[in-house]
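Asks: need coordinates for the below:
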Amino acid sequence: MFTYLEELTVTEAEQVKKTIQALFRQTCILQVRYDPATLTPRDNPQYEICARHRNFISEYLEVLGYELLHDAQEHVFRLAGEHLPKEHLSLTDTVILLLVKLIYRERIMGEGLEAPLTTLKEIREYGRNTGLITEKLTQAQWRDALYLMRVHQIIDVPGAVRDVEDDTPIYIYSTVNLYVTAADINALIEEYKGEEENVETAEETFYTDTHQ
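Replies: Here you go, the predicted structure:
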């Protein structure tokens, strides 16, 4: 198998290795990344590497007990497998993910097909209006949730996560639908039921939204 890498140039072999590392680090690779500040699309070279060396990468991952999946509609390669480490989301992370999904759905389904952009200010407003956030979250809680979503290619922000302010544009990728399904959210809320008094309200709000 590794003779394949030896037949590549040193540069391309290194790109393949880095792409595999990226898959394990962020679990998916998008074809196009957007600059949230300018909405300028940029081709992702690692997606092209996945496409060009798909057979080798698939075989390599299969040996390790993983699978390389390609979603042609979403234009994303992603890593799958029962041995893949699972993120243990806090209740706060769960709620913020849910709010981001609801905002994305409203942007995509709304009139005019607005770009799926949001801000911390808007997420907080959604949280208050839906009853999902009933207390002031700390900067650390917001930062941890944003970092988690950025690592898994759910959102993108200009610059570093630590520099995100109330009105900083946050671009939401369609991958939010891959990670956050209605069933996932209901299961997460069920898991954390009892930790916060507002969890039952969160479940009812989400159920109503997804069945309209």
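Asks: correct me, but Lys101 touches Val176?
Replies: Yes: if you go by C-beta atoms under 8 Å, Lys101 and Val176 touch, sitting 5.2 Å apart. Using the backbone N, CA and C atoms, a C-beta is placed for each residue, glycine as well.
Asks: find the nearest non-adjacent residue to Asp166, please.
Replies: Lys121 (4.4 Å; C-beta to C-beta, 6 or more residues apart in numbering).
Asks: tell me which element that neighbour falls in.
Replies: helix 120-130 (DSSP states H and E).
Asks: if you count neighbours, what's buried in that helix?
Replies: Leu120, Glu122, Ile123, Arg124, Tyr126, Gly127, Thr130 (16 or more other C-beta atoms under 10 Å).
Asks: what is it packed up against?
Replies: The contact analysis (3 or more C-beta pairs under 8 Å, 6 or more residues apart in numbering; DSSP states H and E) places helix 120-130 against helix 91-109.
Asks: any idea how far Ile133 is from the one residue sitting closest to the centre of the chain?
Replies: In the chain, the C-alpha nearest the mean C-alpha coordinate belongs to Ile154, at 2.3 Å (C-alpha atoms, centre = their mean). Per C-beta to C-beta, to the nearest Å, Ile154 is found 19 Å from Ile133.
Asks: one more: Ala72?
Replies: 36 Å.
Asks: same check, this time on Tyr60
Replies: For Tyr60, the distance to Ile133 - C-beta to C-beta - is 43 Å.
Asks: all set now, cheers.
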